[in-house]
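Q: return a 3D structure for these sequence lines:
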Amino acid sequence: MIDIEDVSKSFSTRAVGLVTALNTINLSIRDNEFFTLLGPSGCGKTTLLRLIGGFEAPTTGKIRIDDIDAASLPPQKRPVNTVFQSYALFPHMTIAENVAFGLEMRRVPKAEIDQRVREALSMVRLNNYASRSPRQLSGGQQQRVALARALAPRPKVLLLDEPLSALDLKLRKEMQSELKRLQRETGITFVLVTHDQEEALAMSDRIAVMSAGSVLQVGEPRGIYDNPQSRFVADFIGESNVIPGAVLGRDPAIMVAVRPERIVVSPAAGAGKGRARGTVASVTFLGLDTLYEVALDGGSKVRSRCRDIEPPLTAGQSVVVDWPSGVERHLVD
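A: Purely as a prediction, here's the structure:
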């Protein structure tokens with residue numbers, strides 16, 4: 001659905017001169033896919049989304065949407081619609097009028113507008129709210145109206161620029177399920193921008209992890225989580241213990257990443273040798289499990305998320321640290 005070839009984007013600023021926001025991006029986003037651009041603030045993910053939407057032009061490279069060169073197409077001519085962080089609903093219009101607005105701008109016949117508005121509100125489960133005003137709706141409901149308005153023109157691609165960032169945790173979780181359901185039911189390609197790795201893991205078919213204007217790794221959520229290819233990805237997707245090590249028979253040192261839930265901590269008394277020994281530095285109860293921070297005898301620290309240790313370990317206790325063979329990942333940087 002979207003092919004991004006050798007795309008770079010630079011901006012000229014008075015303060016620092018030329019700034020490179022994107023550096024030679026190559027991505028292919030599939031038809032009927034929930035694809036996420038994930039990274040910290042300033043990594044270039046929103047800039048890339050704006051290039052796809054036509055709000056910015058690439059400095060170099062090409063973007064093709066549905067096998068059509070998008071370079072000469074303004075935003076309104078692309079088979080794309082966008083949901084922004086702010087809902088941007090018109091307060092003087094009803095919900096139905098808000099959803100209909102984009103269709104009216106496209107000069108869609110009135111009878112078809114009415115039908116599409118009903119379909120869009122039905123998709124977001126707001127059938128009975130058509131005559132209300134935005135101020136009568138909750139934040140989550142307003143977000144659904146913004147989605148309905150974006151879906152009504154039946155775009156081939158829906159761009160989502162951190163649409164859940166203004167919602168509280170419970171609403172965010174509910175809307176994550178709603179977005180995934182809508183993507184499955186409509187068959188539209190969704191491209192989400194977010195800095196929230198849990199959000200990306202929960203909703204995406206594939207994820208592109210970005211940093212400093214570059215794409216570091218692309219893959220399915222479980223593949224990226226289980227097999228990070230760099231220290232940045234290991235740290236940014238979930239939580240990792242990064243432990244210095246060495247390959248026997250070779251000189252170079254390496255870094256090894258092990259997820260906290262893979263690390264087993266046991267009382268030192270009566271325990272086997274394990275991979276390392278240390279002392280419990282802190283204990284944090286998290287409900288389903290307990291987070292133990294262990295200061296290893298060699299000077300490093302590791303974090304372990306364990307369940308059902310009876311009796312629970314205590315700060316200052318001597319422990320043995322171990323993990324199953326094969327769960328560690330050697331990092332390339």
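
Q: could you list the low-confidence segments of the protein?
A: Across the chain, the stretches falling below the confidence threshold (pLDDT under 70) are 249-252, 270-272, 332-333.

Q: domains for it, by residue range?
A: For the chain, automatic domain parsing gives the domain ranges 2-236, 247-331.

Q: quick one: residue 21 and residue 9 touch, right?
A: Yes - applying CB atoms under 8 Å as the test, residue 21 and residue 9 come out as touching, 4.7 Å apart. Using the backbone N, CA and C atoms, a C-beta is placed for each residue, glycine as well.

Q: can you list the domains of the chain in a markdown table and add mean neighbour count?
A: Converted to a markdown table, the domains of the chain look like this (neighbours: other CB atoms under 10 Å):
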| stretch | mean neighbour count |
| --- | --- |
| domain 2-236 | 18 |
| domain 247-331 | 15 |
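
Q: picking that back up, so for residue 21 and residue 9, which residues contact both of them?
A: Common neighbours of residue 21 and residue 9, using CB atoms under 8 Å, 6 or more residues apart in numbering, are 44, 47.

Q: packing partners for the biggest helix by length in the chain?
A: Scanning the chain for the helix with the most residues, using DSSP state H, yields helix 169-186. Based on contacts counted as 3 or more CB pairs under 8 Å, 6 or more residues apart in numbering; DSSP states H and E, the elements that helix 169-186 packs against are strand 34-38, helix 110-123, helix 139-151, strand 189-194, helix 197-203.

Q: between it and helix 139-151, how many degrees?
A: Note on geometry: by axes from the mean of the first three to the mean of the last three CA atoms, to 10 degrees, helix 169-186 and helix 139-151 are set 20 degrees apart in direction.

Q: touching helix 169-186 from outside, list them.
A: Residues beyond helix 169-186 that count as contacts (CB under 8 Å, 6+ apart) turn out to be 34, 123-124, 138-140, 143-144, 147, 151, 158, 160, 163-164, 167, 190, 192, 199, 202-203.

Q: do the same with stretch 49-59
A: By CB under 8 Å, 6+ apart, stretch 49-59 touches 2, 4, 7-10, 22, 37, 47, 63, 65, 70-71, 73-75, 77-78, 80, 82, 157, 159, 161, 191, 193.

Q: for the stretch 151-300 of the chain, which segments count as strands?
A: Ranges of strands within the stretch 151-300 of the chain are 157-161, 189-194, 206-211, 214-219, 241-246, 253-258, 264-267, 276-285, 290-296, based on DSSP state E, counting those that start in this stretch.

Q: dump those strands into CSV; add distance to residue 86 as well.
A: As requested, the strands of the stretch 151-300 of the chain are arranged in CSV below (distance: least, CB to CB, whole Å):
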stretch, distance to residue 86
strand 157-161, 10
strand 189-194, 14
strand 206-211, 23
strand 214-219, 27
strand 241-246, 37
strand 253-258, 37
strand 264-267, 45
strand 276-285, 36
strand 290-296, 36
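
Q: nearest to residue 92, of the ones you listed?
A: strand 157-161 (24.5 Å; CB to CB).

Q: tell me the angle of the closest one relative to helix 139-151?
A: Comparing the axes of strand 157-161 and helix 139-151 via the same axes, to 10 degrees yields an angle of 150 degrees.

Q: what helices or strands is strand 157-161 leaning on?
A: Here strand 157-161 touches helix 45-53, strand 80-83, strand 189-194, going by 3+ CB pairs under 8 Å, 6+ apart.

Q: so can I have JSON lines of the ones you listed showing distance to residue 325?
A: Supplementary listing: these in JSON lines, determined by distance: least, CB to CB, whole Å:
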{"stretch": "helix 45-53", "distance to residue 325": "36"}
{"stretch": "strand 80-83", "distance to residue 325": "45"}
{"stretch": "strand 189-194", "distance to residue 325": "34"}
